[in-house]
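Asker: the amino acid sequence is not available; the structure is as follows:
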(Lines give C-alpha, C1' and ligand atoms only; values in the text may rest on other atoms or scores of the structure.)
Protein backbone atom coordinates (compact mmCIF):
# COMPACT_ATOMS: atom_id res chain seq x y z
CA UNK A 1 0.00 0.00 0.00
CA UNK A 2 1.30 3.43 -0.87
CA UNK A 3 0.15 6.94 0.04
CA UNK A 4 -2.22 7.07 -2.95
CA UNK A 5 -3.94 3.84 -1.90
CA UNK A 6 -4.56 5.19 1.60
CA UNK A 7 -6.00 8.45 0.26
CA UNK A 8 -8.29 6.62 -2.16
CA UNK A 9 -9.82 4.58 0.64
CA UNK A 10 -10.22 7.63 2.94
CA UNK A 11 -10.60 10.65 0.65
CA UNK A 12 -11.50 13.11 3.44
CA UNK A 13 -8.75 12.01 5.86
CA UNK A 14 -6.63 15.08 5.11
CA UNK A 15 -9.51 17.58 4.89
CA UNK A 16 -9.15 20.41 7.40
CA UNK A 17 -12.02 22.11 9.20
CA UNK A 18 -11.61 25.88 9.54
CA UNK A 19 -13.36 28.85 11.08
CA UNK A 20 -13.17 31.72 8.61
CA UNK A 21 -12.72 35.21 10.00
CA UNK A 22 -12.11 38.61 8.46
CA UNK A 23 -8.66 38.30 6.90
CA UNK A 24 -7.67 35.14 8.77
CA UNK A 25 -8.85 31.66 9.57
CA UNK A 26 -8.49 29.35 12.56
CA UNK A 27 -7.86 25.63 12.21
CA UNK A 28 -10.50 23.62 14.07
CA UNK A 29 -9.38 20.23 12.72
CA UNK A 30 -5.90 19.89 11.20
CA UNK A 31 -5.61 18.80 7.61
CA UNK A 32 -3.92 19.59 4.33
CA UNK A 33 -6.80 21.10 2.36
CA UNK A 34 -10.38 22.39 2.35
CA UNK A 35 -12.94 21.98 -0.43
CA UNK A 36 -14.09 24.85 -2.62
CA UNK A 37 -17.77 25.58 -1.90
CA UNK A 38 -18.45 26.24 -5.59
CA UNK A 39 -16.35 23.75 -7.55
CA UNK A 40 -15.61 21.09 -4.93
CA UNK A 41 -11.91 21.06 -5.78
CA UNK A 42 -9.43 20.65 -2.92
CA UNK A 43 -7.58 23.83 -1.92
CA UNK A 44 -4.27 23.31 -0.08
CA UNK A 45 -4.26 25.44 3.07
CA UNK A 46 -1.09 27.21 1.98
CA UNK A 47 -2.89 28.32 -1.22
CA UNK A 48 -6.17 29.40 0.45
CA UNK A 49 -6.75 33.10 -0.28
CA UNK A 50 -10.51 33.44 -0.83
CA UNK A 51 -13.31 32.69 1.66
CA UNK A 52 -16.47 34.11 3.15
CA UNK A 53 -16.53 34.69 6.90
CA UNK A 54 -20.28 35.32 6.70
CA UNK A 55 -21.04 32.03 4.92
CA UNK A 56 -18.10 30.07 6.41
CA UNK A 57 -16.99 28.66 3.06
CA UNK A 58 -13.80 28.61 1.00
CA UNK A 59 -13.28 29.36 -2.70
CA UNK A 60 -10.56 28.10 -5.03
CA UNK A 61 -10.04 31.53 -6.59
CA UNK A 62 -11.58 34.89 -7.42
CA UNK A 63 -13.79 33.43 -10.17
CA UNK A 64 -15.45 31.02 -7.73
CA UNK A 65 -15.87 33.72 -5.09
CA UNK A 66 -17.51 36.04 -7.62
CA UNK A 67 -19.75 33.25 -8.91
CA UNK A 68 -20.99 32.51 -5.37
CA UNK A 69 -21.56 36.20 -4.66
CA UNK A 70 -23.56 36.58 -7.88
CA UNK A 71 -25.62 33.45 -7.12
CA UNK A 72 -26.57 34.72 -3.68
CA UNK A 73 -27.19 38.31 -4.75
CA UNK A 74 -29.57 37.10 -7.46
CA UNK A 75 -31.90 35.53 -4.90
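Answerer: Looks like it came in fine. These figures come from a predicted structure and were not determined experimentally. Numbering: from 1, shown residues only.

Asker: show the contacting residues for the nearest residue to residue 21 once chain neighbours are set aside.
Answerer: Take residue 21 and drop its neighbours on the chain: the residue closest to it by C-beta to C-beta, 6 or more residues apart in numbering is residue 53, 5.4 Å away. Every residue, glycine included, has its C-beta placed from N, CA and C. Going by C-beta atoms under 8 Å, 6 or more residues apart in numbering, residue 53 touches 20, 21, 22.

Asker: tell me the helix or strand right after the helix or strand of the chain with the lowest mean pLDDT.
Answerer: Ranking every helix and strand in the chain by mean pLDDT, DSSP states H and E puts helix 3-9 at the bottom, with a mean of 45. Downstream of helix 3-9, the first helix or strand assigned by DSSP states H and E is strand 17-20.

Asker: which other residues reach that next one?
Answerer: Counting by C-beta under 8 Å, 6+ apart, 25-29, 31, 34, 51-53, 56-58 sit against strand 17-20.

Asker: sitting in strands, which of these do you find?
Answerer: 25, 26, 27, 28, 29, 34, 51, 52, 57, 58 (DSSP state E).

Asker: check the residues you listed and tell me the two furthest apart.
Answerer: 29 and 52 (19.1 Å; C-beta to C-beta).

Asker: these two: which has the busier surroundings?
Answerer: residue 52 (15 against 8; other C-beta atoms under 10 Å).
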